[in-house]
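[1] Sequence first, predicted model second:
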Amino acid sequence: MSTWDTLYAPPGLDGELARLPVETMYAGPAEAAHGEWVRVENALVGIDPDTLHPGVRGYYEEQGLL
């Protein structure tokens, strides 16, 4: 059994506001609490990057994933 963490944001949402929960999910203690699979390196497995909110896309670009 597995689960995926999925966040949805409307296109008009401020970029920083869309980015904050994603950045927090992969930061320090929060990352450790999610377990082995939930790592920023795995964030885009099975995801079409063209569907990302621009604020979230910027975060993944900074992480070197895009």
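    All right, it came through fine. Note that the structure is predicted; figures quoted are calculated from it, not measured.
[2] Tell me who's in contact with Pro21.
    Leu7 (C-beta atoms under 8 Å, 6 or more residues apart in numbering). Just so you know, the C-beta spots here come from the backbone N, C-alpha and C atoms, and that holds for glycine as well.
[3] Nearest to the middle of the protein, which residue? Look it up for me.
    Within the chain, the residue whose C-alpha comes closest to the C-alpha centroid is Val22; the distance, by C-alpha atoms, centre = their mean, is 4.2 Å.
[4] Leu44 against Arg57, yeah?
    No. Using C-beta atoms under 8 Å, Leu44 is not in contact with Arg57; the gap is 10.1 Å.
[5] Tell me which of the two has more neighbours.
    Between Leu44 and Arg57, counted using other C-beta atoms under 10 Å, Arg57 has the larger neighbour count: 18 against 14.
[6] name the element the more buried one belongs to?
    In this structure, Arg57 sits in helix 54-62 according to DSSP states H and E.
[7] which helices and strands sit right next to that helix?
    helix 15-25 (3 or more C-beta pairs under 8 Å, 6 or more residues apart in numbering; DSSP states H and E).
[8] which parts of the helix it packs on are buried?
    Neighbour-count burial for helix 15-25 flags Ala18, Arg19, Val22, Glu23, Met25 (criterion: 16 or more other C-beta atoms under 10 Å).
[9] quick one: it to chain centroid distance?
    Distance of helix 15-25 from its chain centroid, counting by C-alpha atoms, centre = their mean, to the nearest Å, is 8 Å.
[10] so how far is Gly12 from the nearest residue to Glu41 once chain neighbours are set aside?
    Using C-beta to C-beta, 6 or more residues apart in numbering and skipping residues adjacent in sequence, the residue nearest Glu41 is Leu65, 7.5 Å away. Using C-beta to C-beta, to the nearest Å, one obtains 24 Å as the distance from Leu65 to Gly12.
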